[in-house]
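Asker: A structural model of the following input is requested.
(2 chains)
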Amino acid sequence: MAGRSLRAHLLRMLLPPIAGALALGALVSYFPTIEPATHAYDQALVDIGLAVGLHVRVMQTEYRFELPAAVEQVLRTDRFDKIYYRVVSPAGLEIAGDPGLPAPPGDAVAHDTIYDGAKVRVVSVQSPCGRSTCTVLVGETMVKRERLARELLLQSIFPELFIAIATLLIVWFGVKRGLRPLARLSEEIKSRSAGDLRPIDAAGAPEETRPLVGALNGLLTEVSAASRKQQRFLADAAHQLRTPLAGLRAHAELALAQPLPEASRAQVEQVHQATVRTARLANQLLALARAEPGARSTTALVDLKSLAEDEADAWVHQALERDADLGFELAPAPVDGDAFLLREALANLVHNALEYSPRGARITLRTGRREGSAFLEVEDDGPGIPAAEHSRVLERFYRVPGTPGTGSGLGLAIVREIAASHGATLAINEGMGGRGCRVAITFPHG
Amino acid sequence: MRLLIVEDDAPLASGLQRILEAEGHAVDVTARGEEAVLAASQEKFDLVILDIGLPQMDGFEVLRRLRAGPGGGGPMPVLVLTARDAVDDRVRGLDLGADDYMVKPFAMPELTARVRALLRRSQAHGGPRIAHGPLQLDTVARRAFLRSEPLELAAREWAVLEVLLARVEKIVSKEAIIQAVAGWGDDLSPNAIEVYVSRLRSKLEPAGIKIRTVRGFGYMLEEFK
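Answerer: Residues are numbered from 1 along each chain as shown, chains lettered A, B, ... in the order given. Next up, the predicted model:
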């Protein structure tokens, strides 16, 4: 579900008052201008009325109206409107003109009415006739007036409309602009790796977002403290396990060095193997804890080549125990990373190759740069991993069915986590000539 | 040889003691750093095995005091044991004067091999003779003997053999060998090293001394059995 858009919300809130202000503004500027304009048109009608009134003659008790056709034509001529007139005697009798043109009610001098099926403005003019006063009504259709009203309305509304549209545009873009720091903030958070729990820099954030940034930073601090606490606990637990395991292993090896009855020897051997496995598991759990997002320990420039060289001696001895031929093709491969984790990744790959290859296997450890990217790779000529299992072997505690040995199934999962925590990619392929297995970690461009 | 074990975990300490006694050493054990410093100041040990994670005075402090004592503890090698593996600890231990470093838990043969290597190195420091099975080198007279018979070695063969003998059971890279041998001035190619090693092999293998090739890396002089 999409959240409430701040922009739409602002517009919804702003639109009614803006429309109201627009209407009010239009009214306020419309009436003061329409009044004098209407008045001027009325005055023109009054002038016609006065001119018409001059043509009323009084003969004793009879009123005569004589208007030459040419004059009448002039009076009645208008570019837009039809002009009506009607002359009424003081007694209220029709004298001349358009019969039935309605007089303004009461004392009013002008009114709007309907005549001949159209809206008409009628003014009433008192015109002297004899000793008395006749009434001349002059009417005019409203074409001109309506056009004027429209024009006035438009003229007054146009600037207001402009201001309203400008306001809405400013809101539309202003909100976007105003929210830009927030967008930047969310970009910054989005671009972070899962393990990056450093506080967000509030310096560039606008005042209004400070509480949000503050709350987020508070949460981040708490999460990273909790994560550190968990890391420390796991690390301590793993470390604490090592000393008693060393004692156990010492005594098991001591016992095995002595002449023992066959049955006892087998049992002590079991104890010894279990001890070695437990120690390895403790190491793996420690590595897993450290590779976990949020555990990001100090990174430094690490050359995978020297890392491999440092550990080569131990691995060669492990290989000799298994009659394996462990070889090296080491070229400089500098990466930005955690030396402990990278060593653990390499150790796990070498261990896997040794563990799952038959005696006499040929295993090669490579480091170097390929197409600008540092890589490390372990290749063996053992049974390999079936393609269908490639993704599953990366799961924790998964072991390929039917696999000999006593591994925990954590090795490759750890390697994957370590690769991920370095932004590196892990690829499992067949070895050369379609035999064995080649596991490569390729690091991002330095 | 007289060895001192400083380890507060009793089962591990007793296990180490028995294994090293089985190797023919006289072994003293203490669980406390203060006692270790005191003992080392009063008696002479040929090697100290020192745990870092001791209660109260920790192994780093013990190491510092041993090295700060009269004669800097002499040539007495110190093998540090730790349950931690942070790179910093390793560097710190070596900076304080530890001679080797092992992370718990370790295999006993690995421990005894390192103890042997440390003792051999510190003994060789004092004497001009290096022995490896039936092979004997008199580094002062620059003469070699195999089964008590004089053995002819060219100067560079001698140099390569000396490098390998200093690190028995440890793999040595070709680069390290070249660096050690390159005192003669001219450039040495990895191929040249191969030639010297193959000549050494043909001279030493009949006596059961084996130089193993580590593919793409270098060589290892195997422990004589």
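Asker: burial of the residue of the stretch 151-300 of chain A found nearest chain B, as a residue count?
Answerer: Ranked by C-beta to the nearest C-beta, the top residue of the stretch 151-300 of chain A for proximity to chain B is A:Ala250, at 2.9 Å. C-beta coordinates here come from the backbone N, C-alpha and C atoms, glycine included. A:Ala250 has 27 neighbours, counted by other C-beta atoms under 10 Å in any protein chain shown.
Asker: which single residue of the stretch 301-446 of chain A ends up nearest chain B?
Answerer: A:Gly327 (2.9 Å).
Asker: three-state assignment of that residue?
Answerer: strand (DSSP: H, G, I helix; E, B strand; the rest coil).
Asker: look up the closest residue to it, ignoring the ones flanking it.
Answerer: B:Arg215 (2.9 Å; C-beta to C-beta, 6 or more residues apart in numbering or on different chains).
Asker: what does A:His390 give?
Answerer: A:Ile428 (4.8 Å).
Asker: what sits against that neighbour?
Answerer: A:385, A:390, A:393, A:437-439 (C-beta atoms under 8 Å, 6 or more residues apart in numbering or on different chains).
Asker: how about those residues, which pair is most distant?
Answerer: Taking C-beta to C-beta, the two most distant members of the contacts of A:Ile428 are A:Val393 and A:Arg438; they sit 13.5 Å apart.
Asker: pLDDT on stretch A:131-144, on average?
Answerer: Here stretch A:131-144 scores 88 as its mean pLDDT.
Asker: please identify the buried residues of it?
Answerer: By neighbour count on 16 or more other C-beta atoms under 10 Å in any protein chain shown, the buried set for stretch A:131-144 is A:134-142, A:144.
Asker: then it to CSV, C-alphas only?
Answerer: What follows is stretch A:131-144, C-alpha atoms only, in CSV (Å, rounded to 0.1, in the frame of the first residue of the first chain):
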residue,chain,number,x,y,z
ARG,A,131,-47.4,71.3,-16.9
SER,A,132,-47.0,67.8,-16.0
THR,A,133,-44.4,65.0,-16.3
CYS,A,134,-44.4,62.1,-18.6
THR,A,135,-42.4,59.0,-18.1
VAL,A,136,-40.0,57.7,-20.8
LEU,A,137,-38.8,54.1,-20.3
VAL,A,138,-35.8,53.1,-22.3
GLY,A,139,-34.7,49.5,-22.4
GLU,A,140,-31.7,47.8,-23.8
THR,A,141,-30.8,44.1,-24.2
MET,A,142,-27.9,43.0,-22.1
VAL,A,143,-25.4,41.8,-24.7
LYS,A,144,-23.0,44.7,-24.2
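Asker: can you give me the strands in chain A?
Answerer: A:56-59, A:62-65, A:83-88, A:94-97, A:110-115, A:118-129, A:132-141, A:300-303, A:325-330, A:334-337, A:362-370, A:373-380, A:425-430, A:437-442 (DSSP state E).
Asker: for residue 28, grab the count of nearby residues.
Answerer: All of this is about chain A. 11.
Asker: ah, I was thinking of chain B
Answerer: 16.
Asker: secondary structure class for it?
Answerer: Applying three-state DSSP: B:Asp28 is strand.
Asker: and it, how far from chain A?
Answerer: 17 Å (C-beta to the nearest C-beta, to the nearest Å).
Asker: got any ranges where chain B has weak pLDDT?
Answerer: B:70-74, B:85-91, B:123-127, B:183-186 (pLDDT under 70).
Asker: one step back: can I get the contacts of A:Ile428 in CSV including pLDDT and distance to A:Leu154?
Answerer: Shown next, in CSV, are the contacts of A:Ile428 (pLDDT from 0 to 100; distance: C-beta to C-beta, whole Å):
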residue, pLDDT, distance to A:Leu154
A:Ile385, 81, 80
A:His390, 73, 74
A:Val393, 73, 77
A:Cys437, 90, 82
A:Arg438, 93, 80
A:Val439, 93, 78
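Asker: can you pull the phi/psi pair for B:Arg167?
Answerer: With angles defined as degrees, to the nearest 10, B:Arg167 sits at phi -140, psi 60.
Asker: ok, the closest residue to A:Asp380 other than its chain neighbours - contacts?
Answerer: Counting by C-beta to C-beta, 6+ apart, A:Ala353 is the residue found nearest to A:Asp380 once chain neighbours are left out, at 4.0 Å. Under the criterion of C-beta under 8 Å, 6+ apart, the contact list for A:Ala353 reads A:324, A:361, A:363, A:378-380, A:382, A:437.
Asker: got the residues you listed as TSV, with distance to A:Phe340 and neighbour count columns?
Answerer: Output for the contacts of A:Ala353, formatted as TSV (distance: C-beta to C-beta, whole Å; neighbours: other C-beta atoms under 10 Å in any protein chain shown):
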residue	distance to A:Phe340	neighbour count
A:Ala324	25	23
A:Ala361	27	20
A:Ile363	23	27
A:Val378	18	26
A:Glu379	24	24
A:Asp380	24	27
A:Gly382	27	21
A:Cys437	25	24
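Asker: lowest pLDDT pick from the residues you listed?
Answerer: A:Gly382 (84).
Asker: how about the residues of chain A near chain B?
Answerer: Applying C-beta under 8 Å from any C-beta of the partner chain, one finds that chain A approaches chain B through A:239-240, A:242-251, A:253-254, A:257, A:275-276, A:279, A:309, A:312-313, A:316-317, A:320, A:325-330, A:339-340, A:364.
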